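Trainee: can't give you the sequence, but here's the structure:
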């Protein structure tokens, strides 16, 4: 979700400037726990018209980090529920590991972990789509000399450990999904070219 300080969390993790930016994502890279990690910071929000474009990143994903704001989630609960449901049920995400970082847990009025699970129907979602999921309550703080929240580092280590443990199978799935997506795109372009030529002939 947007406005949850997910970019702050990524910047704290990798400690540098992004490699590139597009309308839908910002690309970061870092080394964490001996693993070379590529991170796509995707735009969020259930109502964004370009959401369908985000699916193009899912084929390349070995795991997912979903960030919510525990203090302001009351205002966007329905959007958050729709967004996480859309993501977890996506063909290229279902079955992969998901780290849910619940930010701003220190603020008065913030939801607790049990309330968050209930509000998002999280247990039902992860069971239905066979996603391994870990929730970490955290506090993202950006600034020189600031220490990365232990909960965030523990969560990232859990996610990378899970991916590393089953990397061969996960990566084979990523390669297969990517190849199928590329084939579909090429087929679509071919059909569009044929339709264009037929139109010109008429």
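Mentor: Perfect, I can see it now. Predicted, not measured: the structure shown is a model, and the values here were computed from it.
Trainee: drop to CA atoms for contacts and neighbour counts, all remaining ones
Mentor: OK.
Trainee: max-length helix in this structure?
Mentor: helix 167-201 (DSSP state H).
Trainee: for the record, mean pLDDT for it?
Mentor: Per-residue pLDDT values over helix 167-201 give a mean of 81.
Trainee: Pull out the buried positions in that helix.
Mentor: Residues 170-171, 173-174, 177-178 are the ones in helix 167-201 that count as buried (16 or more other C-alpha atoms under 10 Å).
Trainee: Same question for stretch 23-32.
Mentor: So for stretch 23-32, counting by 16+ other C-alpha under 10 Å, buried means 25-26, 28-30.
Trainee: quick one: which of the residues you listed is nearest residue 196?
Mentor: Nearest to residue 196 among these is residue 25, at 31.5 Å by C-alpha to C-alpha.
Trainee: Check the gap between residue 98 and residue 65 for me.
Mentor: As for residue 98, its distance to residue 65 is 6 Å (criterion: C-alpha to C-alpha, to the nearest Å).
Trainee: any low-confidence regions in this structure?
Mentor: 15-16, 44-53, 106-108, 142-146, 192-195, 197-202 (pLDDT under 70).
Trainee: And the strands in it?
Mentor: In the chain, the strands defined using DSSP state E lie at 20-21, 25-32, 35-42, 63-69, 97-103, 133-137.
Trainee: Deepest in the core, which of those is it.
Mentor: Counting by mean count of other C-alpha atoms under 10 Å, strand 97-103 has the highest mean neighbour count of those, with a mean of 24.
Trainee: What pairs with it, parallel or antiparallel?
Mentor: Sheet pairing of strand 97-103 (DSSP bridges) gives strand 63-69 (parallel), strand 133-137 (parallel).
Trainee: Turn the buried residues of helix 167-201 into a markdown table, columns for distance to residue 186.
Mentor: What follows is the buried residues of helix 167-201, written out as a markdown table (distance: C-alpha to C-alpha, whole Å):
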| residue | distance to residue 186 |
| --- | --- |
| 170 | 24 |
| 171 | 22 |
| 173 | 20 |
| 174 | 18 |
| 177 | 14 |
| 178 | 12 |
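Trainee: hmm, which two among those are most spread apart?
Mentor: Spatial extent of the buried residues of helix 167-201 (C-alpha to C-alpha) is set by the pair 170 and 178 at 12.2 Å.
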